[in-house]
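J.: For reference, the sequence and a predicted model appear below.
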Amino acid sequence: MARCRKCRRKKADVFIPHHRLPLCEEHFLEWFEEYLARTVKKFKMFSPKAKILVAISGGKDSLVLWKALNNLGYHTEGLFVDLGIEDFSLISRRVAENFAEELDRPLHVVSIAKEIGLTIPDLKSRTKKYCSLCGSIKRYFFNRFARQNNFDVLVTGHNLDDEASSLLSNTINWQLKYLARKYPVLPEGNGFVRKAKPLCRFTAFEIKEYARLQKIEYLTERCPLSPEATRLVYAELMDELEEKMPGTKIRFYMDYLRKVYPIFNKQVEDFLDRPLTQCEFCGEPAVSSPCFVCKLKAEAKA
Ligand SMILES: [Zn+2]
Ligand SMILES: [Zn+2]
């Protein structure tokens, strides 16, 4: 392998294809954190003094994001939502707790069995839409926790591969309401906290390399209840395009943000579902009151 582009001394440990950059271990880690800091600045995600809540799943993206933000000197705390998916939730929770201990930062845990009175496996036996419902439940608790505990911003580990493949899927299906909100930072408002995706310009490969070099132990298993079949089709398609035309993912995503997003955003209200209200029971933003979580709570009690 080539020599590191930065020091020109050590042998390169990592080659970053779309930046055509061979780097040694030390300079890859330095590049990764600098590029993260530049991404935060470029999109004005949050200020250096912000109190940041990191959504933690136990997978590589959320742990790498937490580690790198912590190394950059940001004030970060983690939140893990325990979904009660048997072994999967137990193991991911343990991975997240061990990591937090090593990082010496607080990890908060919200258990939906305690909060709602039922788990995702319970939901699965009731509805086919349990997978998207699970996503909504996680978003609900991340938002509520961040707001109630005065965090300035909630950050998630979405990476470039995630963003490019969901952009492809949203475009092919012309899901305008998703396109209109597809930006790496969303301001607070209507009961929602500020949200940001600081890893949006990093590929899964770069994130895995950072995890490897920092010796981060993360969970590689996917959720056993998630079919994800269609989502994978778009991810594979995107990978194929990237292989044939390197740089496609970053170009597709960044050009969307630069050229198309501003057009949608001018009339964002026209593309969203319906005006939001506030749940009269829990106070969270909702499409109708009671919100879906309070409805589930009532069902669980019945
Ligand atoms: Zn070097
Ligand atoms: Zn509610």
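T.: All right, it came through fine. Ligands and ions are numbered 1, 2, ... in the order given.
J.: Quick check: which element contains the residue in the stretch 51-200 of the chain that ligand 2 sits nearest to?
T.: Proximity to ligand 2, evaluated over the stretch 51-200 of the chain using CB to the ion, is greatest for Tyr140 at 8.3 Å. Where C-beta positions appear, they are placed from N, C-alpha and C, glycine not excepted. Under DSSP states H and E, the secondary-structure element containing Tyr140 is helix 130-148.
J.: partners of the helix or strand just after that helix, with directions?
T.: Remark: after helix 130-148, the chain's next helix or strand is strand 153-155, criterion DSSP H and E. Sheet pairing here is set by DSSP bridges, and for strand 153-155 it gives strand 51-56 (parallel), strand 195-196 (parallel).
J.: okay, the angle between the first one and helix 130-148?
T.: In other words, strand 51-56. Regarding strand 51-56 and helix 130-148, their directions subtend 160 degrees when assessed with axes from the mean of the first three to the mean of the last three CA atoms, to 10 degrees.
J.: Packing partners of the helix or strand following strand 51-56?
T.: Scanning the chain past strand 51-56 towards its C-terminal end, the next helix or strand to appear is helix 60-71 (assignment: DSSP H and E). Contact here means 3 or more CB pairs under 8 Å, 6 or more residues apart in numbering; DSSP states H and E; on that basis helix 60-71 packs against helix 25-42, strand 51-56, strand 75-82, helix 86-103, helix 204-213.
J.: just checking, Leu241 touches Arg251?
T.: No. Under the contact definition of CB atoms under 8 Å, Leu241 does not touch Arg251, with a separation of 10.2 Å.
J.: before we move on, back to that, looking at the strands paired with strand 153-155, which is closest to Val293?
T.: strand 51-56 (16.9 Å; CB to CB).
J.: Tell me which residues are up against the closest one.
T.: When contacts are taken as CB atoms under 8 Å, 6 or more residues apart in numbering, the neighbours of strand 51-56 outside the stretch itself are 46, 62-63, 65-66, 69, 74-80, 96, 99-100, 107, 138, 142, 145-146, 149-157.
J.: pLDDT score for Ala229?
T.: With respect to pLDDT, Ala229 has a value of 66.
J.: ok, and for stretch 110-123, which residues are buried?
T.: Of the residues in stretch 110-123, those buried under the neighbour-count criterion (16 or more other CB atoms under 10 Å) are 110-112, 115-116, 118-120, 122-123.
J.: Which of those fall in helices?
T.: By the criterion of DSSP state H, membership of these in helices covers 112, 115, 120, 122-123.
J.: what subset of those is also close to ligand 1?
T.: Subset of these in contact with ligand 1: empty, counting by CB under 5 Å from the ion.
J.: So which of the residues you listed is the closest to Ser288?
T.: Leu123 (19.3 Å).
J.: Tyr130 is in contact with that closest one, correct?
T.: Yes. In this structure, Leu123 is within contact of Tyr130 by CB under 8 Å, at 4.4 Å.
J.: Just the buried ones from the contacts of strand 51-56?
T.: Listed as buried from the contacts of strand 51-56 are 46, 62-63, 65-66, 69, 74, 76-80, 96, 99-100, 107, 138, 142, 145-146, 151-157; burial here means 16+ other CB under 10 Å.
J.: Now do the residue in the stretch 101-250 of the chain that ligand 1 sits nearest to against Glu30, distance only.
T.: Closest to ligand 1 within the stretch 101-250 of the chain is Leu213: 12.4 Å, counting by CB to the ion. The gap separating Leu213 from Glu30 is 11 Å, by CB to CB, to the nearest Å.
J.: joint contacts of the two?
T.: A shared contact of Leu213 and Glu30, defined by CB under 8 Å, 6+ apart, is any residue touching both; here there are none.
J.: Which elements pack onto the helix or strand bottoming out on mean pLDDT in the chain?
T.: Taking mean pLDDT, DSSP states H and E as the measure, the chain has helix 268-271 as its least confident helix or strand, at a mean of 71. Applying 3+ CB pairs under 8 Å, 6+ apart, one finds that helix 268-271 contacts helix 176-179.
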